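> sequence and predicted structure below; questions after.
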Amino acid sequence: MKLGSIGKLLAIAALAAAPFASAQANELEFESEFDNFFGTELRAPRDYSPQYSSQLERHIATLADGSRGRIGVAAVDLSTGEQISVLGDQAFPMASTSKIAIAATFLEMVDQGRLSLTSEFPLMLPVRSRKFSTAVAPVREGEYMPAHELIDLMITRSSNPATDALIAAVGGVEVVNDWAQRAGIEEFQLTRDIATLVRDDGEFDPAVHIDLRDSSTPQAMVELLSGIYQGQWLTPESRMVIIDAMERCRTGTRRIPALMPDDVTVAHKTGSLNNTSSDIGILTAPDGRSIALAIYVTGQGSRGNREARIAAIARAIYDGYAEPRRQYASASYDQAGS
């Protein structure tokens, strides 16, 4: 840090040592000065100017304007390796997009002979309890189902009881985190089962607050999707269990798939929590080229507006990669509707 910066820091810190009577005002001023000078995860320094590597990335940044809430985007053309990122290294609530990693963790155990897709496990049904009343929300065992059906329900319909059944089957969220770490996906953290996550949802507003619990970055999720799609960690059979279910996903029709051409194959997984909507997936063009993308949207006033943003960004990414010379205005946010 330069000498001038040290002096500025000392001046800012002096605000915190002011008399107690004006502590609240000083705290607000301290926070404002600190944010303005150093920047935070949510607020850049005054002289901050993001640098984008391509015309497409600049266009996506325009569509992902965060003035009404944070929007994070990452994508990679799996044929060329060309990447784009807009707040792609910021943490966002994974919500149900984490279910892809849970499926991969279970299927690795299948590949190792430790579990079987025909083994049956009970649905984990939530039991009513007050928010934050317990560290882990109570659940009870429901109907037993084979693992392949649980995975299908978890991905195609985003079933939470099926997800918690699979989390219990692999040995808990720590085992999923371990799988992600071994896969080299560092910015991934699953903290709670889904019953607890949903029960305690709303503690923070993700549009203005970064909660590292149950979070990932868009870039990390693109790494996850790319590795699964390219067969890095699973056998071809296990890989297809995930991809096939993602292609049959029945949630989020107004998100990534909404504006896609009819001849594009969409394999995706949605996520939704308080004031946040997301969608991650693989787009496959008629010529076989594939794109991995992750879009996390907070704020925007309503779920419909968030979904419209996701749809517009996804189409712009597809157009930008599939037809680099076309004018990007054809996939504007206004076209997406709300």
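Structure's in. What do you need?

> and the residue lying closest to Gly66 once chain neighbours are set aside, how many residues sit next to it?
Spatially, and ignoring its direct neighbours in sequence, Gly66 is nearest to Leu87 (7.2 Å; CB to CB, 6 or more residues apart in numbering). Placement of C-beta: from N, CA and C, glycine included. Burial of Leu87 is recorded as 21 neighbouring residues (other CB atoms under 10 Å).

> how much space separates Leu87 from Arg70?
When CB to CB, to the nearest Å is the yardstick, Leu87 and Arg70 sit 7 Å from each other.

> so who does Ser226 touch?
Under the criterion of CB atoms under 8 Å, 6 or more residues apart in numbering, the contact list for Ser226 reads 76, 78, 292.

> then the last one would be within a helix, right?
No - assessed with DSSP: H, G, I helix; E, B strand; the rest coil, Ala292 is strand; it does not lie in a helix.

> for Ala64, give me the backbone phi and psi.
Backbone torsions of Ala64, given as degrees, to the nearest 10, read phi -100, psi 30.

> please report the distance of it from Gln300.
Taking CB to CB as the measure, Ala64 falls 11 Å from Gln300.

> who's more crowded, the two?
When neighbours are counted by other CB under 10 Å, Gln300 comes out ahead of the other of Ala64 and Gln300, with 25 against 21.

> thought that one was touching Arg309?
Yes - using CB atoms under 8 Å, Gln300 and Arg309 qualify as a contacting pair, with a distance of 6.0 Å.

> may I have the residues that are in contact with Ile168?
No Ile there; residue 168 is Ala. If you count contacts by CB under 8 Å, 6+ apart, Ala168 has them with 121, 124, 193.

> and these, which of them are buried?
When neighbours are counted using 16 or more other CB atoms under 10 Å, the contacts of Ala168 contain these buried positions: 121, 124, 193.

> overlap in contacts, Ala64 and Gln300.
Counting by CB under 8 Å, 6+ apart, the contacts common to Ala64 and Gln300 are Arg309.

> what's around Leu153, how many residues?
By the other CB under 10 Å criterion, the neighbourhood of Leu153 contains 20 residues.

> C-terminal to the host helix or strand of it, what's the next element?
Taking DSSP states H and E as the criterion, Leu153 maps to helix 147-156. On the C-terminal side of helix 147-156, the closest following helix or strand by DSSP H and E is helix 160-170.

> tell me the buried residues in the next helix or strand after that following helix?
Along the chain past helix 160-170, the next helix or strand (assigned with DSSP H and E) turns out to be helix 173-182. Buried residues in helix 173-182, counted by 16+ other CB under 10 Å: 173, 175-177, 179-180.

> reformat these as TSV; add distance to Val136.
Formatted as TSV, the entries for these read as follows, by distance: CB to CB, whole Å:
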residue	distance to Val136
Val173	10
Val175	16
Val176	16
Asn177	16
Trp179	21
Ala180	21
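
> so where do the strands sit in the stretch 101-250 of the chain?
120-126, 139-146, 188-189, 215-216 (DSSP state E, counting those that start in this stretch).

> out of the ones you listed, which comes closest to Gln83?
With respect to Gln83, and counting by CB to CB, the nearest of the strands of the stretch 101-250 of the chain is strand 215-216 at 16.6 Å.

> the residue nearest to Gly66: what's it in contact with?
Here Leu87 is in contact with 64, 66, 70-73, 218 (CB under 8 Å, 6+ apart).

> ok, Asn274 next?
With contact taken as CB under 8 Å, 6+ apart, Asn274 is in contact with 201-202, 205-206.

> top of those by neighbour count?
The member of these surrounded by the most neighbours (other CB under 10 Å) is Pro206, with 22 neighbours in all.

> could you check how far that residue is from Gln90?
11 Å.

> tell me, what's touching those two both at once?
In the contact map built from CB under 8 Å, 6+ apart, the residues linked to both Pro206 and Gln90 are Arg70.

> export the contacts of Ser226 to JSON lines and tack on distance to Tyr229 and neighbour count?
Listed next are these as JSON lines, based on distance: CB to CB, whole Å; neighbours: other CB atoms under 10 Å:
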{"residue": "Val76", "distance to Tyr229": "10", "neighbour count": "23"}
{"residue": "Leu78", "distance to Tyr229": "7", "neighbour count": "20"}
{"residue": "Ala292", "distance to Tyr229": "7", "neighbour count": "25"}
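
> so where's the chain uncertain?
Within the chain, the segments meeting pLDDT under 70 span 1-50, 323-338.

> how about the helices in it?
Listed in chain order, the helices found in the chain under DSSP state H are 3-16, 23-38, 55-63, 99-111, 147-156, 160-170, 173-182, 194-199, 218-229, 236-247, 303-322, 333-336.

> quick check: closest non-adjacent residue to Glu120.
The shortest distance from Glu120 to any residue that is not its chain neighbour, by CB to CB, 6+ apart, is 4.4 Å, and that residue is Tyr144.
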